[in-house]
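# build me a structure from this.
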Amino acid sequence: MNKKELFLSATKYEATPRLPVMLLSSGVWEVWQSKMSLQDLINLSPSENAEFIIKANQIENMDVIWTAPGCNNLLLKAIGSDISFDKVGSPSEIVSSHFNSVEIIEKINMDAIENSREIFSLLEATRKISQEVGDEILIGISQWGAFTLAGLLFGLSGFLKICMKDKIAARYVLDFTSKLAHKYLNLFSQAGAELISQSEPTSSGDMISPQMFRSLALPYINMVNTDICGNVKVKMLHICGNTTKILDNIPDAGVDIFSVDYKVDLTEAKKALAGKVALAGNLNPVGILLEGTAENVKKKAEESCIAAGNGGGFILMPGCDLPAAAPLENVRSMVEAAYNYMNDDV
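Numbers count the residues shown, from 1 in each chain. Coordinates of the predicted model:
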């Protein structure tokens, strides 16, 4: 059973000889290991980019290899937002966005996404990665979900005001941003990515109510997943913060995996999702993987495996994206815990 077969089996709640393990996108952390910035990664030729990502995964020994890691905001740049890649080890930042009214959506040309020089280069790199290792390991691609994209384009407070004052306008915006996410993810799936991931930090229970999640976030997460092309084998959703109150809604998102943050109790989440959606998580990326020792990581990772590992349907991973300075030995300790966990069902 190769890594791809093992991962796919785990998402179906089938018994596997060990637990799968992965990172969440991981771009900033990977490039920091080579003392590069995301801009440096994007500036590589497609062949160089593919070689870098494949070698990084060989060092990490993960069960998913992420293409275009950490590059979500290139989608926003393609449609007119200004972004910055100023510092080594820093994510891209949105410097400014021209989205100051709902009406401006009508002027946006979706073709700008595939006409982006940077995105085109990353698509070519994805094809090369797929040709090189796609038979052995799943290739993943991540993008913000519609609700988070809307907050980035209009400013979070501005978009939340729209949500509270004008639901029709909010849904108009979300219809547009879901099409943006779908377009981006579909391009990469056609290039060889077989795992698509929507990240929805703005949909966190720490930021919006369960009612707002159900009415204005969940339908658009599902819409993107329903309309994605047939090459996709795994659909994943990550939401930061405490998502305990919306666990029962996750099967309606059209996903195979739900990735949870460290604030969520794995035992409770596994019980809520058992047999419906696979669970991934949830090591504290800062308190454990950045600030802890390798021994701390091993202990916490083992606890996560015990809490959710039996019965299939669990992938060990950080509860969010890794900080750039997280030590490699800590990441390796997490991987070791997954590899050594003895599943009672095997």
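
# all helices for the stretch 101-250 of the chain, in order.
Counting by DSSP state H, counting those that start in this stretch, the stretch 101-250 of the chain has helices at residues 111-114, 117-133, 146-154, 156-165, 167-191, 210-212, 218-227.

# can I get the second one in CSV, CA atoms only?
Spelled out, it's helix 117-133. Once side chains and other backbone atoms are set aside, the C-alpha atoms of helix 117-133 remain, and they are given as CSV (Å, rounded to 0.1, in the frame of the first residue of the first chain):
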residue,chain,number,x,y,z
ARG,A,117,1.6,34.6,-15.2
GLU,A,118,2.2,33.3,-11.6
ILE,A,119,-0.7,31.0,-11.6
PHE,A,120,0.1,29.7,-15.1
SER,A,121,3.7,28.8,-13.8
LEU,A,122,2.3,27.1,-10.7
LEU,A,123,-0.1,25.1,-12.9
GLU,A,124,2.8,23.9,-15.0
ALA,A,125,4.7,22.9,-11.9
THR,A,126,1.7,21.0,-10.8
ARG,A,127,1.6,19.0,-14.0
LYS,A,128,5.3,18.2,-13.6
ILE,A,129,4.7,17.1,-9.9
SER,A,130,1.8,14.9,-11.1
GLN,A,131,3.9,13.3,-13.8
GLU,A,132,6.8,12.6,-11.4
VAL,A,133,5.0,11.3,-8.2
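
# who touches that helix?
Residues outside helix 117-133 that contact it (C-beta atoms under 8 Å, 6 or more residues apart in numbering): 42, 44-47, 49-50, 53-54, 57, 65, 67-68, 71, 74-75, 77-78, 113-114, 139, 141, 184, 187-188, 191-193. C-beta: built from backbone N, CA, C; applies to glycine.

# pretty sure residue 176 is touching residue 107, no?
No: taking C-beta atoms under 8 Å as the definition, residue 176 is not a contact partner of residue 107, at 11.2 Å.

# between these two, tell me which one has more neighbours.
The residue with more neighbours, out of residue 176 and residue 107 and counting by other C-beta atoms under 10 Å, is residue 176; that gives 20 against 9.

# ok, now how distant is the residue lying closest to that one once chain neighbours are set aside from residue 222?
Using C-beta to C-beta, 6 or more residues apart in numbering and skipping the chain neighbours, the partner closest in space to residue 176 is residue 105 (4.8 Å). In this structure, residue 105 and residue 222 are separated by 21 Å, where distance is defined by C-beta to C-beta, to the nearest Å.

# what do you get for residue 180?
Applying C-beta to C-beta, one obtains 16 Å for the distance of residue 180 from residue 222.

# who has more neighbours, the two?
Of the pair residue 180 and residue 222, residue 180 is the one with more neighbours under other C-beta under 10 Å, namely 23 against 17.

# the more buried one and residue 80, how far apart?
The span separating residue 180 from residue 80 equals 12 Å under the rule C-beta to C-beta.

# do the same with residue 289
Using C-beta to C-beta, one obtains 35 Å as the distance from residue 289 to residue 80.

# which of those two has more residues huddled nearby?
When neighbours are counted by other C-beta under 10 Å, residue 289 and residue 80 differ, and residue 289 comes out ahead with 27 against 16.

# which strand or helix spans the closest residue to residue 6 other than its chain neighbours?
Here the nearest residue to residue 6 in space, its sequence neighbours aside, is residue 16; by C-beta to C-beta, 6+ apart that works out to 5.1 Å. Assigned by DSSP states H and E, residue 16 falls within no helix or strand.

# my read: residue 16 touches residue 8, true?
No: when contacts are counted by C-beta under 8 Å, residue 16 is not listed as touching residue 8 (9.6 Å).

# and residue 304, how many residues sit next to it?
When neighbours are defined as other C-beta under 10 Å, residue 304 has 25 of them.

# ok, it - contacts?
When contacts are counted by C-beta under 8 Å, 6+ apart, residue 304 is found next to 266, 281-283, 316, 337.

# would you mind giving those residues as JSON lines with secondary structure added?
Output for these, formatted as JSON lines (DSSP: H, G, I helix; E, B strand; the rest coil):
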{"residue": "266", "secondary structure": "helix"}
{"residue": "281", "secondary structure": "strand"}
{"residue": "282", "secondary structure": "strand"}
{"residue": "283", "secondary structure": "strand"}
{"residue": "316", "secondary structure": "strand"}
{"residue": "337", "secondary structure": "helix"}
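
# report the helix or strand with the lowest average pLDDT across the protein.
Taking mean pLDDT, DSSP states H and E as the measure, strand 93-96 is the helix or strand of the chain with the lowest mean score, a mean of 69.
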